[in-house]
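Engineer: Sequence first, predicted coordinates after that:
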Amino acid sequence: MTQGITYTNCVGEALDSTLSNIDHNKTFVVADENTARLVVTRLGSNALAEAPVITISAGEESKNLKTLAHVWTQLSDLGATRNSIIVNVGGGMVTDLGGFAAATFKRGIRFINCPTSLLAAVDASVGGKTGIDFNGLKNEIGAFTMPQQTIISSCFIDTLPQPEIKAGYAEMLKHALLHSHDRFTQLLKTDFNNPFNTHAFLKMIEQSVAIKLHYVDSDPLEAGTRRALNLGHTVAHAFESLALKRGKAIRHGYAVIWGLITETYLSHKLFGFPSADLYALAQFAIEHYGAFHITCDDYETLISFMTHDKKSQNGEINCVLLSQCGSPHYDAAITTDLMEAAFDVYRDLMHI
Ligand code: GLY
């Protein structure tokens, strides 16, 4: 099923129009405590004026079975039926958990995503991955279920602090690397120190989401080509796990750009990815993201995280790599020696 995306600067109108085209009885909103207070009340949607708001705690640590049970309970107590619809308003945690609540309640009810973060707009709210964390493992329980519609609104993007924009922008860079050299170099021209033209930025988001949808449509259940969207993520997840172990979490999007640098070096070594593009990406990261600090004492831990990663097969480290922008190679097995060399190069490039 191809999912619909609306790009708008007026989310209330877009929601009203979407809901008026879907036959349903009741509408429920799922939001976290922040978006319930600051966003839902200001959406300007007539259709949602009377809709019950199911509020959950904010933060990744709430993406669990207890919160999910709370949403199921509320839906049940408030009389949701198979013909009801959920509107998820929030970042990726809300769209993942609210989507999974919808996918499982009464064997599945429909849902609409209204992402309020850039990361959710360009990634989590698009493509049908829903789920919760379980047993200490991220997204361990979940389902592929497409939203009826994702409504991406520039009015949320306008209000985001710069680190939030940068975090989402890293996934846009990943999409650009998977698309073409032109798109990649175009994205590297962004200067976060200058104010954005919102209209032009919404257009860039639209182009980025189109790249994701290309991979999702060709392989909705991630049996093959969709795995390209994991570019940069083998290393990114290891950096995030190391940061957690050190007691100081890092933003997923920032981990993604550092992961992309390391994995484009691997791409250069194994598939001839142009070194000029690797340097350009590293320069962009230094200017706008800074570096994640690692030393050679961290290599063993990082490698152990990677061999236990979901994407790893038979204890091998596996990455998606590129021979050039737009040409992914799947399941490249990386030896420990090569991964250590890649970390050395990452540290050189980031001057750490
Ligand atoms: N976040 C990658 C995907 O949706 O497949």
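Structural biologist: Nice, thanks for sending it over. What you see is a predicted model, and the numbers here were worked out from it, not measured in a lab.
Engineer: Can you pull the residues of the stretch 101-250 of the chain lying near the ligand?
Structural biologist: Contact residues (C-beta under 6 Å from any ligand atom) of the stretch 101-250 of the chain with the ligand: 123, 127, 129, 222, 226, 229. Placement of C-beta: from N, CA and C, glycine included.
Engineer: and the first one, how many neighbours?
Structural biologist: The reference is to Asp123. Neighbour count of Asp123, defined by other C-beta atoms under 10 Å: 27.
Engineer: Quick check: it touching Gly92?
Structural biologist: Yes. Counting by C-beta atoms under 8 Å, Gly92 is a contact partner of Asp123 at 7.1 Å.
Engineer: quick one on the thing from earlier: would you turn the residues of the stretch 101-250 of the chain next to the ligand into JSON lines with pLDDT?
Structural biologist: Shown next, in JSON lines, are these (pLDDT from 0 to 100):
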{"residue": "Asp123", "pLDDT": "97"}
{"residue": "Gly127", "pLDDT": "97"}
{"residue": "Lys129", "pLDDT": "97"}
{"residue": "Glu222", "pLDDT": "95"}
{"residue": "Arg226", "pLDDT": "97"}
{"residue": "Leu229", "pLDDT": "98"}
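Engineer: Considering those residues, which possesses the most neighbours?
Structural biologist: Result: Asp123 is most packed of these (other C-beta under 10 Å), 27 neighbours.
Engineer: what stretches of the chain score poorly on pLDDT?
Structural biologist: Applying pLDDT under 70 to the chain picks out residues 1.
Engineer: 80 instead, please
Structural biologist: 1-2, 195-196, 309-314 (pLDDT under 80).
Engineer: Helices of that one, residue ranges please.
Structural biologist: 11-20, 33-38, 65-77, 92-104, 118-119, 154-157, 162-179, 181-188, 198-218, 233-245, 252-271, 275-288, 299-307, 336-349 (DSSP state H).
Engineer: Just put those in CSV and tack on distance to Gly142 and mean neighbour count.
Structural biologist: As requested, the helices of the chain are exported to CSV (distance: least, C-beta to C-beta, whole Å; neighbours: other C-beta atoms under 10 Å):
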stretch, distance to Gly142, mean neighbour count
helix 11-20, 24, 19
helix 33-38, 21, 17
helix 65-77, 10, 16
helix 92-104, 6, 26
helix 118-119, 17, 26
helix 154-157, 24, 20
helix 162-179, 19, 23
helix 181-188, 29, 16
helix 198-218, 15, 17
helix 233-245, 16, 21
helix 252-271, 17, 24
helix 275-288, 30, 17
helix 299-307, 21, 17
helix 336-349, 28, 17
